[in-house]
Every structure is written in C-alpha cells, then in structure tokens.
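**Student:** Need a 3D model of the following:
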Amino acid sequence: MNISAVGKKFDLTTDTLRYYEREGLIPPVHRNESGYRDYTNYDLNWIYFVRAMRKAGVSVESMIEYTKLFMQDRKGTAEARKDILREEKAELEAKIFDLQQTLDYLNYKIDNFDDHIRNFEDRLDPYIQDQLNEEDDN
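**Tutor:** The predicted structure follows:
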C-alpha cells in the first residue's frame, strides 16, 4: 500500500507518516523496487499503535524508546517494552481520573446552573467545598 493510501486510511498526512519513520516512532518501511514506501500489514499495525498512543498523549520520546528496544531485540527487550507500556498506562489512568473529575464538575455546574447564578457566584461553590473537604480527609 502506498503512502497516500495509508494516510487516507489513518487520517494522517504523508508528512506525518514520513515523520513517524524518520524519527523512529515506527520501524523503517519496506521500499519497492522504485524506492517508494510499500506499507505492509506489519507497518499498518505499527502506525495504528503509534497513532493510538499519540492520541492518548503518550510522548514521542516514549514511543521512540519503545520502537528502538523492539528493533534491538524483540524477545530480549520484551520486559523493558512492557514497562514502558505500564508507565504510560499509569499516566493515562491519572489523566482519565483528572478528566473525569472535571467532567463531573461540569455536569454539576450545568445541572445546577440557575441555582448557582442566584446563590453562589460570590461564595465558595458547595461542590468545591466538598472536594476541598475530601482532600483534607486524605
């Protein structure tokens, strides 16, 4: 599959795909006899993986390290690569927790919007007071 088709398939620009390869986020892509990139299912798996990780906020540096370890020795670096995934998972879970708290707060604000306007604009919001009390208890 050529670079243009892959870009369309993953909604990525050809520049992004070249960047992934040039910076080491994905292993080198096979070239056909004319020297053009010829993406295989193996390459597509890598692109999907990197795209998913980047959407989740995983750092470029972590992805490069993961790929470098993979290219060095697939079996010998398996535990180190798994550790990278564990670390990124923990960071993502923390982000999700923070986002969920913000979403809960926004839902509270929307559900109680009229009441807030009448009663709490100049006072500490009861939701915030509850959150502060929870932090004090921990």
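
**Student:** Only C-alpha atoms from now on, for both contacts and neighbour counts.
**Tutor:** Noted.

**Student:** okay, now Tyr20: neighbour count?
**Tutor:** 21 (other C-alpha atoms under 10 Å).

**Student:** got a list of contacts for the helix or strand hosting it?
**Tutor:** Using DSSP states H and E, Tyr20 sits in helix 14-23. Residues from elsewhere that reach helix 14-23 (C-alpha atoms under 8 Å, 6 or more residues apart in numbering): 3-4, 7, 26-29, 64.

**Student:** Recalculate using a threshold of 6 Å.
**Tutor:** 7, 26, 28 (C-alpha atoms under 6 Å, 6 or more residues apart in numbering).

**Student:** Output those in JSON lines; the columns should cover secondary structure, pLDDT and neighbour count.
**Tutor:** What follows is those, written out as JSON lines (DSSP: H, G, I helix; E, B strand; the rest coil; pLDDT from 0 to 100; neighbours: other C-alpha atoms under 10 Å):
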{"residue": "Gly7", "secondary structure": "helix", "pLDDT": "97", "neighbour count": "16"}
{"residue": "Ile26", "secondary structure": "coil", "pLDDT": "97", "neighbour count": "26"}
{"residue": "Pro28", "secondary structure": "coil", "pLDDT": "96", "neighbour count": "16"}
